[in-house]
Every structure is written in C-alpha cells, then in structure tokens.
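[1] what would the 3D arrangement of this be:
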Amino acid sequence: TYRCDGNPIPTFEGEPERVSLPDSADELAKAIWSSLNEDNKISLWVGTTELSTGKTEERVINKYSR
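    This is a model prediction of the structure:
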C-alpha cells in the first residue's frame with residue numbers, strides 16, 4: 001500500500017496483502033460495487049481469467065442504465 005500521499009505518488013511499500021476473491025465475475029463485481037461510496041460511483045468493469053483454462057469473464061455495472 002502507499003505509505004503517504006505525495007507528488008509524485010511514492011512506490012508501494014511492504015508485503016502484499018492476501019485477499020479472498022469470490023468464485024465468479026458476477027460475485028466479484030457485486031462485492032466491489034457494494035463497497036464503493038454511493039456518491040462517487042458511476043461505473044465498474046471487472047474481468048477475470050481462469051488460469052488453468054484461460055477462460056475469461058467480463059462484467060460492467062453502470063449506475064445510470066439506459
């Protein structure tokens with residue numbers, strides 16, 4: 001993570017954090033979308049790749065649908 005704000009932004013510092021990810025692009029997109037600040041979210045793109053098969057999935061969520 002970034003240790004502080006700066007100009008330019010400093011490089012990452014420390015060890016990477018382990019996170020648990022859902023099993024599907026739909027679940028991941030919903031989890032990320034629900035965690036975003038309602039006043040600042042407009043759209044979200046999520047892409048996943050299954051490493052063993054190369055299968056990809058993409059999801060887009062837009063706050064304003066047509």
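[2] might you list the low-confidence residue ranges for this protein?
    Applying pLDDT under 70 to the chain flags the ranges 1-5, 66.
[3] which residue is nearest the middle of it?
    I32 (6.0 Å; Cα atoms, centre = their mean).
[4] surely that residue is in a helix?
    Yes. Membership of I32 in a helix is supported by DSSP: H, G, I helix; E, B strand; the rest coil.
[5] hmm, it is touching V46, no?
    Yes. In this structure, I32 is within contact of V46 by Cβ atoms under 8 Å, at 6.6 Å. (Each C-beta comes from the backbone N, C-alpha and C, glycine too.)
[6] quick one: the helices in this protein, in order.
    25-35 (DSSP state H).
[7] quick one: the strands in it?
    Applying DSSP state E to the chain gives strands spanning 43-49, 56-62.
[8] and for stretch 19-34, what's in contact with it?
    Contacts to stretch 19-34, defined as Cβ atoms under 8 Å, 6 or more residues apart in numbering, come from residues 41, 44, 46-48, 57-59, 61.
[9] out of these, flag the one nearest to P16.
    T48 (18.7 Å; Cβ to Cβ).
[10] check contacts around that closest one.
    Counting by Cβ under 8 Å, 6+ apart, T48 has contacts 24-25, 28, 56-58.
[11] what residues are bridge-paired with it?
    Taking DSSP bridges as the rule, T48 bridges to E57.
[12] how near is it to S24?
    8 Å (Cβ to Cβ, to the nearest Å).
[13] same check, this time on F12
    28 Å.
[14] what do you get for L51?
    15 Å.
[15] that older thread, compare F12 and S24 (neighbour count), which wins?
    S24 (13 against 10; other Cβ atoms under 10 Å).
[16] tally of neighbours for A29?
    21.
[17] ok, it to F12 distance?
    Counting by Cβ to Cβ - A29 and F12 are separated by 25 Å.
[18] now do A31
    In terms of Cβ to Cβ, A31 sits 23 Å off from F12.
[19] residues in contact with K41?
    33, 63.
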